[in-house]
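In: just the structure for this:
(chains A and B)
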Protein chains: 2
Amino acid sequence: MQKIDGSQLISEITLDDLQKAVGGSISFCACVHKLRKMSGFSFVILRTGRYILQSVYSKDKCTGDFNSLCEGAYIKITGDVKEEKRANHGYEITLSSFEILSKPAEEYPLHVSSKKLGCSIETSMAHRSVALRHPEQRAVFKIAEGVVSAFREFMLNNNFTEIHSPKIVAAGAEGGANIFKLKYFDKDAYLAQSPQFYKQTCVAFFDRVFEIAPVYRAEKHNSTRHLNEYIGLDFEIGFINDMHDVMAMETAMLKYVVEYLPKHYSDELELLGATLPVINEIPSVTFFEALDILGKSHNQFDLDPTDEVKLCEYAKENYDSEFIFVEKFPGLKRPFYAMDSADDPKLAESFDLLFRGLEITTGGQRIHDYNELLEKMKRYHMEEGDLGAYTDIFKYGMPPHGGLGIGLERVVMKMLGLANIREASLFPRDIHHLDP
Amino acid sequence: MQKIDGSQLISEITLDDLQKAVGGSISFCACVHKLRKMSGFSFVILRTGRYILQSVYSKDKCTGDFNSLCEGAYIKITGDVKEEKRANHGYEITLSSFEILSKPAEEYPLHVSSKKLGCSIETSMAHRSVALRHPEQRAVFKIAEGVVSAFREFMLNNNFTEIHSPKIVAAGAEGGANIFKLKYFDKDAYLAQSPQFYKQTCVAFFDRVFEIAPVYRAEKHNSTRHLNEYIGLDFEIGFINDMHDVMAMETAMLKYVVEYLPKHYSDELELLGATLPVINEIPSVTFFEALDILGKSHNQFDLDPTDEVKLCEYAKENYDSEFIFVEKFPGLKRPFYAMDSADDPKLAESFDLLFRGLEITTGGQRIHDYNELLEKMKRYHMEEGDLGAYTDIFKYGMPPHGGLGIGLERVVMKMLGLANIREASLFPRDIHHLDP
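Out: Numbers count the residues shown, from 1 in each chain, chains lettered A, B, ... in the order given. Prediction:
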């Protein structure tokens, strides 16, 4: 019998720890990122969970055998810390001893310790567990962590409740054929295309909810902007006056994110050479105004990727904004649950948000009246039972409400200026990739 | 063209807002939770996103028509706030006006405004969107939010990186037949039984990671303790000395959770009559010690539910702990990636944590040496390629590491003393329920 009291925890080295140890000794674990022999001494570049640190080996000061080290080994080091402006993060450690904890069986097949990984996305995906060891590659996912943390913190500060809804569902929320099917015991089931129905259900009793969870789209696109499994940042708000309340909430949230990142992830932003957008006001044009701006006739029902790029250029030039909302889309291309516009029932109270040439959000006001929903479903050739218990929510009362879904990887991709959305997913799922 | 600056956000009423408004007027939106006619006036009990508040209607003070109100309507009210000790949360609002925003088409089929919902779990699931409107029912999910928030905060404070790994996978991590299959374009795929392989991959470059995400088990159990889709709280730590470092981290995390909840969710804890566990030291017994305690012979390889209950009784009586670790399970019943014990290779460096009679965690130290892993896989009749790129992680080097997975709904169920795990899931997935 032993007793575990949790008072002694193994720790991860931070820059604060190094600062405190200046002039004294420190011990920590790290991976040997790079070895560089100089005359009379060698640099042992260490990769911790977040930092690349410079340590120096010389035979007279360190008890360990330099030749036992190799790139990719995990070691525990002890050494003296001094400030050194030329070193990464401003510290250098003079090694006094090290212990090898584990060694790789083979050398990395990629240039993990080079300044740039410098391989194609295809090669990076073929050696994913190695590619992600590159400092720039992993830094992308610290930024993703930051976007998620800021989103969550903003939501909680604004009295949203965090929910977890099932991803195995009886019916798709977004319709169409882009849905993964599976067998759920003796029933046919699907992977959720969005948490739409569940978010709405929860508005009935939590007023405002958010969810951070995977979303599935069985689209056969093989593009730089589509993933078949991605992380959705979703929220839904009750008691809105109209969809502009949803757009205002998103604008405030995005401002929060771009203020949060430099506070907590300045090293990663610098490493990646990222320029975050400045958000003051975000212009919003109607779908038909957008077509006018593009010089296109009013006979199309959606925007294509080129339109998105051009509208962002327009917003940048005319309003100094890297974001632009497009609102009041033709209802035909929007889901059945979207509220029709009062001024023109052919239009939906629905919007997209474009950022640096890419749609990152779809949202809008939803129908909350039971009879209005049944009528709309009829127009969409849907019967009440088709969506299981969904219409029950409205039968027993719902406040006016709206919400949106944001694609995390798209936001990260555009914030960091990545060329391919796969670079913003740890283990991307596309039409060709299911492993790792 | 409009401009959205996010400076005006619609707000959700809080108790702070009420306190500030005492002696003055307030306006907010809410659901009519209950109407109670008295002589000369009526109580209009309001349900906000988090609170049940008492308001008073009388014809001479309020411009609205009382008969237009009904339970389940969503309204915007204006009224004067005063402190009133006998009222819920200590405030009462004298209505001066109200506006009806929406009305239900039918009356609730359940007793949403009664002190107890008082229906079977089966009925609650048949009317899920109504049952969750009951204050006690929804409060469970505020506590779940609190457990998740505390877990995440603890992890981030301890320099863990939050990751998101795919749930559509090429191979199951836990083996066995309990796995959901699906068609991923032209390939066979599965729903992840755990983020195991991905957590391990990320330890190679982040040292310590955590994930909060759905986990899938196609178990045909129809019990009070199994769900087929649940939320896993997972973490994985590099550079551990042995599995006790993982257990210490979990103990410290659980202490953090039970300190966090009363600070942020005291109303819900009171409403639910919850008694949180006190955590000082958690006793840990080996699997064979556990069998001795149970008076059983050493010829079984796992614990059954009755064993779990008895071991918790033992821990409570002998160590005043509602938790007990059981460690060093027979390897036979543990996954191939578990590290063998140095003292007895038939045992695995693997543990469970039991809480109030139920296993809430499985964890342990993992194999990190490439050749050791290949040998172990051979013993499990697995070939290197069977798990796709998994073994690559080790080929290119991994530190000693370990981790665990916690079932969120099980923790919440036991913290709150719920009889059935379905009560701790917003929209439970079991062998019979796929909708809502």
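In: what helix or strand is the closest residue to residue A:8 other than its chain neighbours on?
Out: Of all residues not flanking residue A:8 in the chain, residue B:248 sits nearest, at 6.0 Å (C-beta to C-beta, 6 or more residues apart in numbering or on different chains). Bear in mind the C-beta positions are built from the backbone N, C-alpha and C, glycine included. Here residue B:248 sits within helix B:243-264, counting by DSSP states H and E.
In: can you give me the buried ones in that helix?
Out: B:243-257, B:260-261, B:264 (16 or more other C-beta atoms under 10 Å in any protein chain shown).
In: do stretch A:421-436 as well
Out: Neighbour-count burial for stretch A:421-436 flags A:421-431, A:433-436 (criterion: 16+ other C-beta under 10 Å).
In: measure it end to end?
Out: End-to-end distance for stretch A:421-436: 17 Å, by C-alpha to C-alpha, to the nearest Å.
In: hmm, it in reach of chain B?
Out: Yes - among the residues of stretch A:421-436, A:426, A:427, A:429, A:431, A:434, A:435, A:436 lie within reach of chain B under C-beta under 8 Å from any C-beta of the partner chain.
In: check contacts around the fifth one.
Out: Applying C-beta atoms under 8 Å, 6 or more residues apart in numbering or on different chains to residue A:434 gives the contacts B:168, B:169, B:170, B:184, B:187, B:189.
In: those: which ones sit near chain A?
Out: Among those, chain A is touched by B:168, B:169, B:170, B:184, B:187, B:189 when using C-beta under 8 Å from any C-beta.
In: going by distance to chain A, which of those wins?
Out: residue B:170 (4.0 Å; C-beta to the nearest C-beta).
In: need the contact list for that closest one.
Out: Residue B:170 touches A:434, A:435, A:436, B:187, B:189, B:190, B:388, counting by C-beta under 8 Å, 6+ apart.
In: ok, the residue lying closest to the last one once chain neighbours are set aside to residue A:146 distance?
Out: Leaving aside its sequence neighbours, residue B:388 sits nearest to residue A:435 (C-beta to C-beta, 6+ apart; 3.6 Å). Using C-beta to C-beta, to the nearest Å, we find residue A:435 at a distance of 28 Å from residue A:146.
In: again, but for residue A:387
Out: Taken as C-beta to C-beta, the span from residue A:387 to residue A:146 is 36 Å.
In: do the same with residue A:113
Out: Following C-beta to C-beta, the distance that separates residue A:113 from residue A:146 is 25 Å.
In: what helix or strand does the nearest residue to residue A:148 once chain neighbours are set aside sit in?
Out: In space, residue A:148 comes closest to residue A:212 once its chain neighbours are excluded; the distance is 6.0 Å by C-beta to C-beta, 6+ apart. Element membership for residue A:212, per DSSP H and E: strand A:208-216.
In: between strand B:208-216 and the helix or strand just after that strand, find me the angle.
Out: Sequence-wise, the next helix or strand downstream of strand A:208-216 (DSSP H and E) is strand A:229-238. Here the directions of strand A:229-238 and strand B:208-216 differ by 80 degrees (axes from the mean of the first three to the mean of the last three C-alpha atoms, to 10 degrees).
In: any idea which helix or strand comes after the helix or strand harbouring residue A:146?
Out: If you go by DSSP H and E, residue A:146 is part of helix A:135-157. Later in the chain than helix A:135-157, the nearest helix or strand by DSSP H and E is strand A:161-162.
In: nearest to chain B within the stretch 301-436 of chain A, name that residue for me.
Out: residue A:397 (3.2 Å).
In: that residue against residue B:102, yeah?
Out: Yes - Residue A:397 is in contact with residue B:102 according to C-beta atoms under 8 Å; the separation is 6.4 Å.
In: quick one: which of these two has more around it?
Out: Ranked by neighbour count (other C-beta atoms under 10 Å in any protein chain shown), residue A:397 and residue B:102 place residue A:397 first, with 27 against 21.
In: wait, a helix at residue A:45?
Out: No - counting by DSSP: H, G, I helix; E, B strand; the rest coil, residue A:45 falls outside a helix, being strand.
In: what's the closest non-adjacent residue to it?
Out: Nearest non-adjacent residue to residue A:45, counting by C-beta to C-beta, 6+ apart: residue A:34, 4.0 Å away.
In: okay, the one you found: pLDDT?
Out: Looking at residue A:34, its pLDDT stands at 98.
In: do residue A:147 as well
Out: 98.
In: contacting residues for it?
Out: Here residue A:147 is in contact with A:233, A:257, A:261, A:408, A:411, A:412, A:415 (criterion: C-beta under 8 Å, 6+ apart).
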